[in-house]
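> Any chance you can model this:
(3 chains)
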Amino acid sequence: MEKRLLKLTVNNQKYELYINPKTLLVEVIRDHIGLTGTKRGCETVSCGACTVMIDDMAVKSCSILAVQAEGSHITTVEGLEKNGKLAPIQKAFLDHGSYQCGFCTAGMLISCEALLKENPTPTKEEIREGIEGNICRCTGYNSIVRAVEAVVDGKYKEE
Amino acid sequence: MIHDFTYLRPGSLQEVLSMLADHKDECKIICGGQSLLIVMRQGLLVTDYLIDIKGLRELSYITFDEKEGFKIGATTTHRMIETSELIKQRCPVLVAVEKKLASIQVRNWGTIAGNLAHGDSSGDLAPTLIALDAKIKLVSSRGSRVVPLEKFYTGLFETALEKDELVVEVQIPPARPGTATAYEKFNLIRNDQAIVGVAAGVTLEKGGTCKEARVVLSNAGITPIRAKSAETVLVGKKLAGGLLIKAGEAASGDADPVSDIHASEEYRRHLVKVLTERMVKQAWNQAAHS
Amino acid sequence: MNKYTVINTHVHNVDGIAKVTGRATYTFDVKLPGMLYGKILRSPHPHAKILNVDCNRALELPGVAGIVTGKDTLGVKQGIWRRFQDLCDEQILTVEKVRYIGEPVAAVAALTEEIAEQALDLIDVQYEVLPAVYEPLDAIKKEAPELHEGFERNINVTRHIEWGDVEEAFEEAEYIREDWFKCGGQAHMCMETRAAVSSYTPDGKLTVYHSTQAPYYMQGLLAGVLGLKDGNIRVISHYVGGGFGGKFELDGAIFCSAVLSMKLHRPVKIVFTREEDFIATKRRTPMFYYVRTGVKKDGIFCAREAKVFTNGGAYTGMGATALYLTGFFHSFPYRWKAYRYDGYRVYTNTLPSTSMRGFGAPQAMWCSEQQIEWIAADLGLDPIEMRRKNAHYPGYEVPGQATIASCGIDQCFDVVQKWIKEKGKLPENRAVGISAAGFMSGGIFNWFDTPYSFSSAVVTINYDGTVELYVGAQDIGQGSNTTLAIICAEALGVRVEDIKVHSGDTEHCPADLGAWGSRQTLMAGNAVKMAAEDAKKQLLEVAYAQSGFNIVYDLDIKNRWVHAIARPERGYDYAELVKKAIRGKDGQRIIGRGYYTPHRKGMISPAYSYMMQAVEVEIDKETGKIRLVDSLTAHDCGQPINRLGLIGQLEGAFSMAAGYGYLEYMPYEDGKLMNPNLVDYKVIRATEMPDVPVAEIDTYEPEGPYGAKEAGEGLTNPTAAAIGNAVFHALGVQIKECPIRPEMIVNALKEKETKTEEKEDAA
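Now for the predicted structure:
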């Protein structure tokens, strides 16, 4: 199968890759670019471990062809920090113990970040809906909701 | 594993149509791919050419006209519909249905046409749109046709789409005065696929009598089912004297559900009955107040 | 007033930065130079002889590096119960016969996953299909097909627990009730599926990256099946995406990747798909329970008799322990005058069942706590007071089984009683259900036959005062790295951020039985405390020598401050002392050692946690759908150590246990799992979770480090029963099978209505 040139912008970095067009976005991110923070946990678009942002929208990268993301801005968990400075949501996760095994965490952080970008003052119910597409087997979700609430309350206002 | 394919990215609708004409049997359309990629990964669908229309902006629109009603372009995402002020005002049931579909991630990328064309009888949009008397516009290099959505589903994951046709638009007629539509699905976890679902639309006369009714069932057959017996029960009546129970029982009789690990046939029929009662009541109350 | 400096304070998880920035590397992420990808060919039959495996066509596929079958292995029948050879019954890559759908028959290594998968289709296996049996009550019939030679009636293991005179106690009883129950299986459903990367090198050494709860067990078990020395196997497991009891045995990923790598001398990576994880990794043990209970009219418990048949599936795994623990915890947390438990684990041609968080206790409580609630209702007694009358207390001896030291169950009753009272009258379709429970803090058993202490730790202090803590305890997300760092910090007198935890590598860490049975806080915690105190003693020796204080004065270190306990304001920095001490030891780092093995602690565990949980549910009578509204858990884990970790464990346990109660249905048909994916297997999501507040009861466990006991597994025990009891109180129906499905509730209500009508007709 003839490979296709793909130009992708991930975390503000431009990449040029030759890929089989059937390659999924999550495969390009993890295997071709080498950013392994984003995970995979199922084959049925159910678990959300592969969640990344395309132009500030949370999407499941396991059900998107990489070629479809050409020309967009992709953000993965690695792109949340800026020069080693953690994003407010990451700080909130640390303070609230909003992760345990950590495998769902990358996707979870992205869903939270996308939620807050679209709606900076979500209600508790809206926060739960915002992470509805992400399964966590360890935390029971409530500590994640508390972390987002803390960000909403302004606890991590950027200096 | 997904089988290899030749990837085509048309830049316009015309290009899509000529590609479809050229490749007919050997090609498949991908837009959001939220359903398609799963079946491709399982090897259930193999195609030589994959035509990607996700980038076709010209097919992404939501317009409303007092006479024509809503026209929603094929590549409009679920999220666009969910957050559309226009739809919230004039067709709120559609927003309610979208909110209950899968997850935000899937709704951000998946499209209305992709959902409808996939032909999953447990989908939420098709039954609701049928209850809204929606039509679907199909286009090919040979011309175009508009098909009532009710006639679009021909079998299990089968639609009336010809090999060279593309869904380009969903049309929803403007709601007549005194009309309201409601949809509810039964599942264990919010936003999961329907175990069964019922869409009910009623149009009331000024005096409160039901002029028209549409009851459409999700996951109670191999295609969405118009529960015509239930509709017959409702038309010409006022909301009283066990009408809802009769309608529920009739809908339950119209259903043709399967038994699977989620529910037995008997329980599905029971759920159809319960949900029909509830949705007819909800639509009726909304229509009475509109 | 917290009497500790670090313990039970708000401490960030020590792996936090790695996990929230995507830097944590899981086995799922590991890539080694020259690595091949492996895939496993699995049996489509539940029971069949393997006549022939022809790999020729597959080997010809370009990109295929090699294929192995059972014939390429030593054919060792292994199992984690090493002391009991007849329970070591599993070859993983089976040689002669397959015993469940999904059992590995061959494994391929290729340049890409895709090629490996294509190669599977080209392997031709000839089977002779044998009759199969799927349910334990069918498998014990005389005419049932035999799964393992020598196991008559397919009875794999039996267990018997008894005290008192059961017959006599039943005679004394004034009310007797008997019920049959069915407890479903459950999938661990770790977010990281089973994964392993094995690399065998020409020096005869094997390095394995494995997503595991017990690197030490993997090392020993691999040595046994591969014919290697323990010391030539290195198991690395830095970050693990969940375990929950499913990842401390050998699995197909680690075994097949190791065998392939030994053949090809290249690294081989095997990662299970989610579907494989569902169909081919051992599950929670499904159980059939018969319970007969006799009580006095005032609610005093006299006798209980339980007979249990568990669906063991095709192999033993950890199922023998689950069989024992279910029978033991079925008596918890109450005093029985007489108790008799007979458990039978039966082989069937289904996915083997094993340990899963709770280890047989969630099943036990599903039956016990519901029956007790029904007895209270039958007799018109207050269900909490009836429980209270019979509950364990500190010092109680479970006859011949265990001595209870700390026990806060009575205070748990108070808390829950108050909460329910404050709720007041609930709307018609809502009710509260309760369940008590207790659980172990690690087991005293050594079926693995380890010659090492159950837990060990080494503390090394560097010149700048930073501390290296080496433990064999495994962090699988429960936060043991942090909990142990907290204990170390408290014992040594430093801060958590001074400590670097080394775990998850058998090459650098001491042996430890690993993360299961809720053992690490108590056992590894004791080892760490001992090691830190050893190191501190060496520091203080120098401090004493320098101090010139009167002999009656004691020195200590707290928060990096070396001081006389009686005069804390006079002291100096710990870092100064470290420098002096190292100089005093000829330039050697300060090294402290610690270890722990339970001795003479009864038949089960050195310490027991206690809890009572109340769950408020709302039920849609017409559809039978259950909604979780609210909850409260009163919990005695002795001294909480890791506050954030504790809350996380409690809330997480609830989510998993609630799933067992009303969501995670795992149906099999003719040995085939019907829902091996996350669409049809229902796992709870954020929108379904209620608040899970916890009230910690203050007790002190003498056997635990700083008085600590387990937290996190015990809390998976009560929830299913609490939900069942809520359904009982809301609707008056008794559901005897878990998980409760809505259709069952609708049917139960229909049945109840019919019975009521019949009664009225008769009247």
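
> Show the pLDDT at residue 124.
Picking chain A for this. As predicted, residue A:124 sits at a pLDDT of 98.

> should've been chain B
Value for residue B:124, per-residue pLDDT: 97.

> Check residue C:553 too.
Note on residue C:553: pLDDT of 89.

> List every C-alpha atom in stretch B:176-191, with coordinates, as PDB.
C-alpha atoms of stretch B:176-191 as PDB (Å, rounded to 0.1, in the frame of the first residue of the first chain):
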ATOM      1  CA  ARG B 176     -47.300  22.400  12.900                       C
ATOM      2  CA  PRO B 177     -49.000  24.300  15.700                       C
ATOM      3  CA  GLY B 178     -50.000  22.100  18.600                       C
ATOM      4  CA  THR B 179     -47.200  19.600  17.900                       C
ATOM      5  CA  ALA B 180     -44.600  18.300  20.200                       C
ATOM      6  CA  THR B 181     -42.200  15.300  20.000                       C
ATOM      7  CA  ALA B 182     -40.400  13.400  22.800                       C
ATOM      8  CA  TYR B 183     -37.900  10.600  22.900                       C
ATOM      9  CA  GLU B 184     -36.700   8.400  25.600                       C
ATOM     10  CA  LYS B 185     -34.500   5.300  25.600                       C
ATOM     11  CA  PHE B 186     -34.000   2.700  28.200                       C
ATOM     12  CA  ASN B 187     -30.400   1.700  29.200                       C
ATOM     13  CA  LEU B 188     -28.500   0.900  32.300                       C
ATOM     14  CA  ILE B 189     -25.900   3.600  31.900                       C
ATOM     15  CA  ARG B 190     -26.900   7.000  30.700                       C
ATOM     16  CA  ASN B 191     -26.000   7.600  27.000                       C
END
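
> Contacts (any at all) between chain A and it?
Yes - using Cβ under 8 Å from any Cβ of the partner chain, stretch B:176-191 reaches chain A at B:190, B:191. In this view, the C-beta of every residue, glycine as well, is placed from N, C-alpha and C.

> Determine the longest helix present in chain A.
helix A:105-118 (DSSP state H).

> can you pull the contacts of residue A:41?
Residues near residue A:41 by Cβ atoms under 8 Å, 6 or more residues apart in numbering or on different chains: A:47, A:48, A:49, A:50, A:103, A:104, A:135, C:191, C:192, C:193, C:274, C:678.

> For the fifth one, grab the count of nearby residues.
Going back to what we said before, that points to residue A:103. For residue A:103, the neighbour count with other Cβ atoms under 10 Å in any protein chain shown is 31.

> isn't it right up against residue A:40?
No - in this structure, residue A:103 is not within contact of residue A:40 by Cβ atoms under 8 Å, at 9.8 Å.

> Give me the contacts around the following helix or strand past the longest helix of chain A.
Sequence order places helix A:124-130 as the next helix or strand after helix A:105-118, per DSSP states H and E. Helix A:124-130 has contacts (Cβ under 8 Å, 6+ apart) with A:111-112, A:114-115, A:119, A:122, A:141, A:145, A:148-149, A:152, B:99, B:104, C:686-687, C:689.

> what's the burial count for residue 126?
The chain I'm using is chain A. There are 14 residues near residue A:126, going by other Cβ under 10 Å.

> Actually, chain B is the one I wanted.
28.

> Quick one: residues contacting it.
B:115, B:116, B:149, B:152, B:153, B:218, B:224.

> May I ask which of the residues you listed has the most neighbours?
residue B:218 (31 neighbours).

> what's that one sitting at in phi/psi?
phi -110, psi 140 (degrees, to the nearest 10).

> What sits closest to it if chain neighbours are left out?
Counting by Cβ to Cβ, 6 or more residues apart in numbering or on different chains, residue B:197 is the residue found nearest to residue B:218 once chain neighbours are left out, at 3.2 Å.

> and the one you found, which of the three is it?
strand (DSSP: H, G, I helix; E, B strand; the rest coil).

> From chain C, how far out is it?
According to Cβ to the nearest Cβ, to the nearest Å, residue B:197 stands 13 Å off from chain C.

> same deal with residue A:96?
For residue A:96 relative to chain C (Cβ to the nearest Cβ), the value is 7 Å.

> repeat for residue A:108
10 Å.

> burial of the closest residue to that residue other than its chain neighbours, as a residue count?
What sits nearest to residue A:108 in space, not counting adjacent residues and going by Cβ to Cβ, 6+ apart, is residue A:134, at 5.0 Å. Look at residue A:134: counted by other Cβ under 10 Å, it has 32 neighbours.

> picking that back up, buried among the contacts of helix A:124-130? Need that as a selection in PyMOL.
Selecting the buried subset of these in PyMOL, with 16 or more other Cβ atoms under 10 Å in any protein chain shown as the burial test, is done by:
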select buried, (chain A and resi 111+112+114+115+122+141+145+148+149+152) or (chain B and resi 104) or (chain C and resi 686+687+689)
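
> for the contacts of helix A:124-130, which one is nearest residue C:374?
residue C:689 (28.1 Å; Cβ to Cβ).

> ok, back up a step: show the backbone phi and psi for the residue nearest to residue A:108.
phi -120, psi 120.

> you'd agree it is up against residue A:115?
No - between residue A:134 and residue A:115 no contact is recorded; they are 10.7 Å apart, counting by Cβ under 8 Å.

> What does the pLDDT read for the closest residue to chain C within chain A?
Using Cβ to the nearest Cβ, the closest approach of chain A to chain C is made by residue A:37 at 2.0 Å. For residue A:37, the model assigns a pLDDT of 98.

> Point out where chain A drops to low pLDDT.
A:158-159 (pLDDT under 70).
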